[in-house]
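In: take a look and give me a structure for this.
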Amino acid sequence: MGIESRWGFRVGSLPHGPLNKISDVPGVTVGHCTLARGDVQTGVTALLPHPGDTFHEKVLAASHVINGFGKTIGLVQIDELGTLETPILFTNTLSVGTAATALVKYMLDRCPDICETTSSVNPVVCECNDSGLNDIRGLHVTEADALAALADCRADFAEGAVGAGRGMRCHGLKGGIGSSSRAVELDGQTYHMGALVLSNHAKFDDLIVAGVPVAQRLEQAAQVPPHEDKGSIITVLATDVPLSERQLGRIARRAIVGLSRTGSYCGNGSGEIVIAFSTGNRISHYPQSDLVPLRAAAENKMDLLFRAAAECVEESVLSSLLHAETVTGRNGLTVRSLADLLQGRPD
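Out: Reported below is the predicted structural model:
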């Protein structure tokens, strides 16, 4: 259920897609593997850019680092070549290597030419630090968990304390996976912009929901322990609007607008990483000609796409908070959900 229909929070002015998720961009799917047992509160989330062969049919992409306190794998090649050639995995900070190895094996299984008759592959793995709720030092995420998340990918996926979001904290509350979409019209055709976030950042005192400072309005605000602004947020923006990698970079930079609208100041110890891609252009690994035809949006239409990206990011952060339930994890630590606070539920 969307946050507008359930909670009455209206974010922005543009219409959202049928699911109000990043999967409203045709072909994009998301899957999870959730580990929730006592001190182990973590997992893996996977995003597939399209249902085909992402290595041989790449999508144009760009990345943007707002604050670089992070350990993401794969951004250098995205920025150099302007393409994404694998699914994107999300997990906790110390499991990035395990997830990357699993993703490499996933790609090798599907592409026998990698490192044989052609180049290597660029796995993309993003992270946030879930220590606190999760026994992160236990290295509980396995390659099988990453592969399970990839196998689970679907259009109508869960949000909140699931997959990589299981142990995450956002604005001092239970965070995790959130998503949203917006519909835009160009040349009489409907396209979509979608966002997926892994939220683990910011302070409770700064949280703004649909323009309302939450800490000033909630009687339960005293139940949220003091904490620092650190922990990171990963944002992925997807669209089926045909765009160049330069235009995607411009859109990625607008993610900060959505984050700031929810009260984030991008603290020193927080990693704010953005990846944007478009399914509107495909780049063949084995081009049939020397020149490759590409389409792009007219620059005077970029304002519409900037607005769509900002609204998607803002609502995705709120969606991660409102879909997540209260979770008790390592050493009995309990992190409250925003939904419980809004409903006045006791501890």
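In: how about the helices in the stretch 151-300 of the chain?
Out: For the stretch 151-300 of the chain, the helices defined by DSSP state H, counting those that start in this stretch occupy 245-253, 255-261.
In: now do the buried residues in the first one.
Out: For helix 245-253, the neighbour count (16 or more other Cβ atoms under 10 Å) marks Glu245, Gln247, Leu248, Gly249, Arg250, Ile251, Ala252, Arg253 as buried. Where you see a C-beta, it was placed from the backbone N, CA and C, and this is true even at glycine.
In: ok, Arg137 - contacts?
Out: Going by Cβ atoms under 8 Å, 6 or more residues apart in numbering, Arg137 touches Leu94, Ser131.
In: tell me which of the buried residues of helix 245-253 is nearest to Leu304?
Out: Ile251 (10.9 Å; Cβ to Cβ).
In: can you pull the contacts of that closest one?
Out: Ala62, Leu237, Thr239, Leu243, Ala276, Met302, Leu305, Phe306, Ala309.
In: how about 7 Å then?
Out: Leu237, Ala276, Leu305, Phe306, Ala309 (Cβ atoms under 7 Å, 6 or more residues apart in numbering).
In: picking that back up, what's the closest of the helices of the stretch 151-300 of the chain to Ser131?
Out: Closest approach to Ser131 among these (Cβ to Cβ): helix 255-261, 22.1 Å.
In: which strands or helices does the closest one pack on?
Out: Applying 3 or more Cβ pairs under 7 Å, 6 or more residues apart in numbering; DSSP states H and E, we find helix 255-261 packed against strand 233-239, helix 302-323.
In: tell me the most buried of those?
Out: Mean neighbour count, computed with mean count of other Cβ atoms under 10 Å, is highest for strand 233-239 among the helices and strands packed on helix 255-261, reaching a mean of 30.
In: other SSEs contacting it?
Out: strand 124-128, strand 189-199, helix 255-261, strand 271-284, helix 302-323.
In: give me the contact list for that strand.
Out: Under the contact criterion Cβ under 7 Å, 6+ apart, strand 233-239 has outside partners 22, 25, 28, 47, 88, 90, 126, 128, 191-201, 251-252, 255, 259, 272-278, 309, 312-313.
In: now that strand: average pLDDT?
Out: For strand 233-239, the mean per-residue pLDDT is 99.
In: ok, now stretch 289-296?
Out: 96.
In: check which residues of that stretch are buried.
Out: Under the neighbour-count criterion of 16+ other Cβ under 10 Å, stretch 289-296 has Ala296 buried.
In: who touches it?
Out: Pro242, Leu243, Ser244, Gln247, Gly280, Asn281, Ile283.
In: check those and tell me the two furthest apart.
Out: Gln247 and Ile283, at 15.0 Å, using Cβ to Cβ across those.
In: for the chain, what are the low-confidence residue spans?
Out: Along the chain, the parts satisfying pLDDT under 70 run over 1, 219-222, 345-347.
In: could you rerun that using 50?
Out: Under the criterion pLDDT under 50, no range of the chain is flagged.
In: need the three-state assignment for Leu60.
Out: strand (DSSP: H, G, I helix; E, B strand; the rest coil).
In: for it, give its distance to Leu305.
Out: Applying Cβ to Cβ, to the nearest Å, the value for Leu60 to Leu305 is 14 Å.
In: cool, Ala46 as well?
Out: Distance, Ala46 to Leu305, using Cβ to Cβ: 25 Å.
In: do the same with Lys230
Out: From Lys230 to Leu305 the distance is 31 Å (Cβ to Cβ).
In: try Ala238
Out: 12 Å.
In: Ala155: neighbour count?
Out: The tally of other residues near Ala155 (other Cβ atoms under 10 Å) stands at 16.
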